[in-house]
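J.: Provided below are the primary sequence and the corresponding predicted coordinates.
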Amino acid sequence: MADAATTGSKGGLARLRSIVGGSAGNMVEVYDWFAYASFALYFAKAFFPEGDQTGQLLKTAAVFAVGFLARPLGAWLMGLYADRVGRRAALMLSVSLMCLGSLIIGLCPGAAQIGVAAPTILVLARILQGVSLGGEYGTSAVYLSEMAGRERRGFWSSFQYVTLISGQLLAMATLVILQSVLSPEALEAWGWRIPFLIGAGLAVVVVWMRRRLEETPSFLVRGRERARLMMLFTRHPRESLIVFGLTAGGTLAYYTYTTYVQKFLVNTSGFSKTAATQITFGALVLFMLIQPLFGWLSDKVGRRPVLIGFGVCGVLGTWPILSGLAHTRDAGTAFALVAVSLTIVAAYTSVNAVVKSELFPTEVRALGVALPYALANALFGGTAEYVALWFKQAGRETWFFTYVTVVIGLSLLVYVFMRDTKAHSRILED
């Protein structure tokens, strides 16, 4: 108890140091995860040589979705681990698993060398990474929310997505650099392996960094009751359903406009791979920078109004934005449309971590945040590219626009009827 008091009395600088330390690991994990999405245009042929470009991308998108299906398993196991052993220990374990998955992908021979074993190993590596990231999200969300002070919890918690987006930007920056120094043929032959090997190395550094993190005051003063899976269903069914519902539309919109949009610009709009990467990269920079603004806004007006803003704008804006992107051939127009879409999505990403954390008590908080989120993320976020490409291959691409609109609309209903967690937070420590 004395340790908790000491941790709780630390000044703003110590709190900032803990938040930065936890965020840095999140950035590297997300880099490893999104290196797959960023480089899929180049390594799809190595693992799936048959068929045209859309067919190859469809198969890599299916593997991307498989990784998401493993995230609920990681959320369950790592959430229990974080609630029982500690947030710091879970953060170290998750990044170690991500390191191993990236190393496997970076060293795996292609189908030309080992045949069907190549895509099989790819799937297994993505499952390992899915388990890792499934645990990382919930634990890092809880860690940042518990370390943040009550008055600025929305602001500081928004840095989870600042670092998440920075990890994605780092993956794309690696792609931009490699596109400038290597030929397309070299990238397809062997250059795509470089980002995975870089990610594995960075993860080793993060394991060392996380050994020095402080444990959160909330965990140090927790009760004696051990977290169990059934607690979510017997004691917190409403909160678990809220997390699932508020995540569905947000995660689908997020993956539509941060990962699939790069392929959309190439495969539908007709931009070159390099141009599509540059457009997406620029919009993601803006997306990253505005996260704290919406987090700060949620500290002033509440979490619920910010989420409702995302829901309303997402329902009204999805069709015009995606339709406009499909028909434009101008890079400036494409950038503006992607930037607008991501500004809308920022109203979800900036506050979703703190909202979920504020719904649950300490003893089950990491599991409560991670598992319902991972289930919704697997069903709607992880399948976004696959569903979009499936509609395109079937000649019904605009049906995807409707699908995104409807799912965001369902989440909007959750935002309208839920209580504002800022006023009803279950994080009691400041």
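T.: Noted; the coordinates are in hand.
J.: where does the prediction get shaky in the stretch 301-430 of the chain?
T.: By pLDDT under 70, the weakly predicted segments of the stretch 301-430 of the chain are 428-430.
J.: do a quick rundown of the helices in it.
T.: 303-327, 331-359, 365-376, 384-393, 398-417 (DSSP state H, counting those that start in this stretch).
J.: tell me which of those helices is the most buried.
T.: Compared across these, helix 365-376 shows the largest average neighbour count, a mean of 30 (mean count of other C-beta atoms under 10 Å). Quick note: C-beta positions are derived from backbone N, CA and C, even for glycine.
J.: for that one, name the packing helices and strands.
T.: Helices and strands touching helix 365-376, by 3 or more C-beta pairs under 8 Å, 6 or more residues apart in numbering; DSSP states H and E, are helix 71-84, helix 117-147, helix 230-234, helix 237-255, helix 331-359.
J.: ok, Tyr161 to Thr251 distance?
T.: Remark: distance between Tyr161 and Thr251 (C-beta to C-beta, to the nearest Å) = 12 Å.
J.: then Gly332?
T.: Plainly put, Gly332 is 29 Å away from Thr251 if you go by C-beta to C-beta.
J.: contacts only, for Trp319.
T.: Taking C-beta atoms under 8 Å, 6 or more residues apart in numbering as the criterion, Trp319 is in contact with Phe401, Thr402, Thr405.
J.: export the residues you listed to JSON lines and tack on distance to Ala61?
T.: Below are these laid out as JSON lines (distance: C-beta to C-beta, whole Å):
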{"residue": "Phe401", "distance to Ala61": "18"}
{"residue": "Thr402", "distance to Ala61": "19"}
{"residue": "Thr405", "distance to Ala61": "21"}
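J.: burial count for Ile177?
T.: By the criterion of other C-beta atoms under 10 Å, Ile177 has 12 neighbours.
J.: how distant is the one helix or strand it maps to from the center of its chain?
T.: Here Ile177 sits within helix 159-181, counting by DSSP states H and E. How far helix 159-181 lies from its chain's middle: 13 Å, per C-alpha atoms, centre = their mean, to the nearest Å.
J.: just stretch 384-397 next, same as before
T.: 22 Å.
J.: any weak-confidence spans in the stretch 51-200 of the chain?
T.: By pLDDT under 70, the low-scoring segments of the stretch 51-200 of the chain are 149.
J.: OK, contacts around the residue lying closest to Leu58 once chain neighbours are set aside?
T.: Sequence neighbours aside, Leu389 is the residue nearest to Leu58 in space, at 4.7 Å (criterion: C-beta to C-beta, 6 or more residues apart in numbering). Residues near Leu389 by C-beta under 8 Å, 6+ apart: Thr54, Leu57, Leu58, Ala61, Lys263, Asn267.
J.: any idea which of those residues is closest to Leu246?
T.: Ala61 (24.9 Å; C-beta to C-beta).
J.: so that closest one is in contact with Gly382, correct?
T.: No: the pair Ala61 and Gly382 fails to qualify as a contact (C-beta atoms under 8 Å) at a distance of 9.3 Å.
J.: picking that back up, beyond the helix holding Ile177, next helix or strand please.
T.: Going down the chain from helix 159-181, the next helix or strand is helix 184-189, by DSSP H and E.
J.: any idea how far Val387 is from the nearest residue to Val340 once chain neighbours are set aside?
T.: Closest residue to Val340 apart from its sequence neighbours, by C-beta to C-beta, 6+ apart: Ile321 at 6.4 Å. Relative to Val387, Ile321 is positioned 17 Å away (C-beta to C-beta).
J.: next: Met147.
T.: 36 Å.
J.: what about Arg329, neighbour count?
T.: Other residues within reach of Arg329, judged by other C-beta under 10 Å, total 9.
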